[in-house]
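S.K.: A structural model of the following input is requested.
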Amino acid sequence: MEEAGTAAMAKLRAQCLERGAAGIKGLARRLRTLADEKTQSLGLEEFLKGLQEAGVSLEPEEAQQIFSVCDKSQSGTLDFTEFLEALRPPMSKARKEVIGEAFQKLDKTGDGVVTVEDLRGVYQSQAHPKFKSGEWTEEQVFRSFLDSFDLDKDGEVTAEEFLNYYGGIGASIKSDEYFVEMLKAAWKL
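M.R.: Alright, predicted model coming up:
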């Protein structure tokens, strides 16, 4: 069963990667809307529905095999974060290090989470089009930015959430060197 689940996961990963940077991220977004808000977990029914809504073409038994392999505790639920970690290709040490550097740059207080307060003076909200037009306040610009990374929408981005975000983005970038340079340029590291 585990071997079949691994093969099914490889098939799902390949389909996501064919879609580019939005592949894994898009599937994650769809599944997140179906996950239990408190536990960030999915039952089999929600998992199957999410795959279907995301346009993934897997046989039902393949999806069930993936679910079984990822349900390590045999609880009948799938931990959303653990599923994403299994879906993404492994990240190199160089990628993890540059993601960590970017996170540290944002985490001004050094407490291991990025909040709106950490963004003040780091993220230029005044350049955002909705701030310029008067549609959004500075606070709304900051929240929108954090929401890109914040899986549980609690207003705080952990190092793990940040790593997961860039793991999803980087999954479609084959070259470690390009990925590292891209992050260094984006975060002025």
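S.K.: For the host helix or strand of residue 182, output the C-alpha coordinates as PDB.
M.R.: With elements taken from DSSP states H and E, the one containing residue 182 is helix 176-187. Provided in PDB are the C-alpha atoms of helix 176-187 (Å, rounded to 0.1, in the frame of the first residue of the first chain):
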ATOM      1  CA  ASP A 176      19.000  26.000  -6.700                       C
ATOM      2  CA  GLU A 177      21.200  28.800  -7.800                       C
ATOM      3  CA  TYR A 178      18.300  30.600  -9.600                       C
ATOM      4  CA  PHE A 179      16.000  30.200  -6.600                       C
ATOM      5  CA  VAL A 180      18.600  31.500  -4.200                       C
ATOM      6  CA  GLU A 181      19.400  34.500  -6.400                       C
ATOM      7  CA  MET A 182      15.700  35.200  -6.900                       C
ATOM      8  CA  LEU A 183      15.100  35.300  -3.100                       C
ATOM      9  CA  LYS A 184      18.200  37.400  -2.500                       C
ATOM     10  CA  ALA A 185      17.000  39.900  -5.000                       C
ATOM     11  CA  ALA A 186      13.400  40.000  -3.800                       C
ATOM     12  CA  TRP A 187      14.400  40.400  -0.100                       C
END
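S.K.: ok, and what's touching that helix?
M.R.: 92, 94-95, 98-99, 101-102, 105, 166, 170, 173, 189 (Cβ atoms under 8 Å, 6 or more residues apart in numbering). Every C-beta, even on glycine, is put in place using the N, C-alpha and C of the backbone.
S.K.: Quick one: the helices in this structure, in order.
M.R.: 2-18, 22-34, 44-53, 60-70, 80-87, 93-106, 116-119, 129-132, 138-147, 159-170, 176-187 (DSSP state H).
S.K.: These: which one's closest to residue 153?
M.R.: Ranking those by proximity to residue 153 (Cβ to Cβ) places helix 138-147 first, at 6.7 Å.
S.K.: how far out from the middle of the chain is stretch 74-93?
M.R.: Computed by Cα atoms, centre = their mean, to the nearest Å, the chain-centroid distance of stretch 74-93 equals 11 Å.
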